[in-house]
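Participant: 3D model of this:
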Amino acid sequence: MIAVRKLFAIIALVAVLAGGAAAVAVWLGWERIHEPYRGYAGPEQFVTIRQGAGSAEIGRRLLDAQVVSDARLFRVGLLWTGQGRDLKAGEYRFDRPLSPLDVIDVLVRGDVYARRITFPEGLTIDEMSKLYGSHDFGSARDFVTAAKNVERIKDLDPNATDLEGYLFPETYALPRGTPASRLIDAMVDRFRVVYDDRLRASAAAQGLTTRQVVTIGSLVEKETGKADERPIVGAVYRNRLRIGMPMQADPTIVYALEKAHRYNGNIRREDLALESPYNTYKYPGLPPGPIASPGKASLEAVLFPTDAPYLYFVSRNDGSHVFAQTLAQHNANVRKFQVDFFRAQRAPTGVRGQGSGVRGQGSGVRGQGTGVTGREEGGRAVPGRRQ
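Facilitator: Presented below is the predicted three-dimensional model:
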């Protein structure tokens, strides 16, 4: 059977390359389907093969992209290999000389080009959707819609209303045009791998639900980017939760303002009275759910926090924080690292007044720090992105 196929391929080769002596044409054609070729000038060339495209169309696309020198040779190569029906659709990247048979091998294997997209820790669904939309995969709206499929996480969190917190932050490699739903599935699958049996067993032993762990983990993720601080921040929130002390976490205010399309980069005094279940200054306990996607270290910081009595922390304005057990200690830290610091910053320029919305340089709770009930200590700063 193979011999018959090759015989027909040789006959076809003779027919395709007719115009000279048949034997010479066959020989030259045989040589050329094994001969590497690269006609494009740049370092790489992309070719997209649409679903359902025939061999003639594919050959023309490869010729137009100068991946092959002759579309007829590509078709003869398909006849020789018998793989004309095995070519896979998708976007392909070529960056070196290949023979027609090599190109056929690439298309048969379906080595489509995977574009990489990285989701940093601490992003919300809305922020992730914009990142997705900017990478030529699909629309941000498709991402948000796909992230509402709570069936993917119902067994771990039956109260989930969307997948906020469960889209694991990592780098994913996807072919162009990958549907948002497929990426969402991959992100949830990755969360399940990271939030493994060890973490689930630890949560159950401590009386915490998955939703509580991910919610506190999202607070930790938004408060600090320093690895050595995460278990301490985790301890602060676990301590507050244990004694019934309000979370009073600035990132929850930001999240509530963003959901209301009212966040302009600053938290002002009146925002602390915002009517939202995510306002942890107004409502005790945890917010209704996660406010971002935490990484593995933040999840672990919730379940394995530092054994420390801290209830407060405030930014040192260098990306780190200072922690305190009592309100008196915390107020002293606020005065040193916020009030006096920003007063000194303003002094040369003659700006007066404490004002609100003064931006701290670090991450996490700004200005008053976490849980200050007397805010006369100075202006409240912006809880921006982690540094």
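
Participant: what are the boundaries of the strands in the protein?
Facilitator: Ranges of strands within the chain are 45-49, 90-94, 114-118, 171-175, 312-315, 321-324, based on DSSP state E.

Participant: list the contacts of the first one.
Facilitator: Same thing as strand 45-49. Contact partners of strand 45-49, identified using Cβ atoms under 8 Å, 6 or more residues apart in numbering, comprise 58, 61-62, 65-67, 87-95, 107, 113, 176. For glycine as for every other residue, the C-beta is placed from the backbone atoms N, C-alpha and C.

Participant: now these: which count as buried?
Facilitator: 58, 61-62, 65, 67, 87, 89-90, 92, 94, 107, 113, 176 (16 or more other Cβ atoms under 10 Å).

Participant: out of the strands of the chain, deepest packed?
Facilitator: strand 312-315 (a mean of 27; mean count of other Cβ atoms under 10 Å).

Participant: partner strands of that one, parallel or antiparallel?
Facilitator: Paired neighbours of strand 312-315 in the sheet (DSSP bridges): strand 321-324 (antiparallel).

Participant: return the distance of the partner strand from the chain's centre.
Facilitator: Distance of strand 321-324 from its chain centroid, counting by Cα atoms, centre = their mean, to the nearest Å, is 30 Å.

Participant: model confidence over that strand, on average?
Facilitator: With pLDDT averaged residue by residue, strand 321-324 scores 96.

Participant: in a markdown table, list the buried ones among the contacts of strand 45-49 along with pLDDT and distance to A204.
Facilitator: Output for the buried ones among the contacts of strand 45-49, formatted as a markdown table (pLDDT from 0 to 100; distance: Cβ to Cβ, whole Å):
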| residue | pLDDT | distance to A204 |
| --- | --- | --- |
| I58 | 95 | 54 |
| R61 | 96 | 55 |
| L62 | 96 | 56 |
| A65 | 96 | 56 |
| V67 | 96 | 56 |
| L87 | 94 | 50 |
| A89 | 92 | 46 |
| G90 | 90 | 43 |
| Y92 | 95 | 47 |
| F94 | 96 | 52 |
| L107 | 96 | 50 |
| Y113 | 90 | 43 |
| R176 | 80 | 42 |
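
Participant: want to throw these into JSON lines with distance to S218?
Facilitator: Converted to JSON lines, the buried ones among the contacts of strand 45-49 look like this (distance: Cβ to Cβ, whole Å):
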{"residue": "I58", "distance to S218": "47"}
{"residue": "R61", "distance to S218": "46"}
{"residue": "L62", "distance to S218": "48"}
{"residue": "A65", "distance to S218": "45"}
{"residue": "V67", "distance to S218": "47"}
{"residue": "L87", "distance to S218": "45"}
{"residue": "A89", "distance to S218": "39"}
{"residue": "G90", "distance to S218": "36"}
{"residue": "Y92", "distance to S218": "39"}
{"residue": "F94", "distance to S218": "43"}
{"residue": "L107", "distance to S218": "44"}
{"residue": "Y113", "distance to S218": "34"}
{"residue": "R176", "distance to S218": "31"}
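
Participant: helices - which of those residues land there?
Facilitator: Among the buried ones among the contacts of strand 45-49, the residues falling in helices (DSSP state H) are I58, R61, L62, L107.

Participant: give the closest residue to the first one in space, chain neighbours not counted.
Facilitator: Pointing back at I58 there. Closest residue in space to I58, ignoring its immediate chain neighbours: I49 at 5.7 Å, by Cβ to Cβ, 6 or more residues apart in numbering.

Participant: domains in this structure, as residue ranges please.
Facilitator: Annotated domains of the chain cover 2-112, 115-194, 207-377 [automatic domain parsing].
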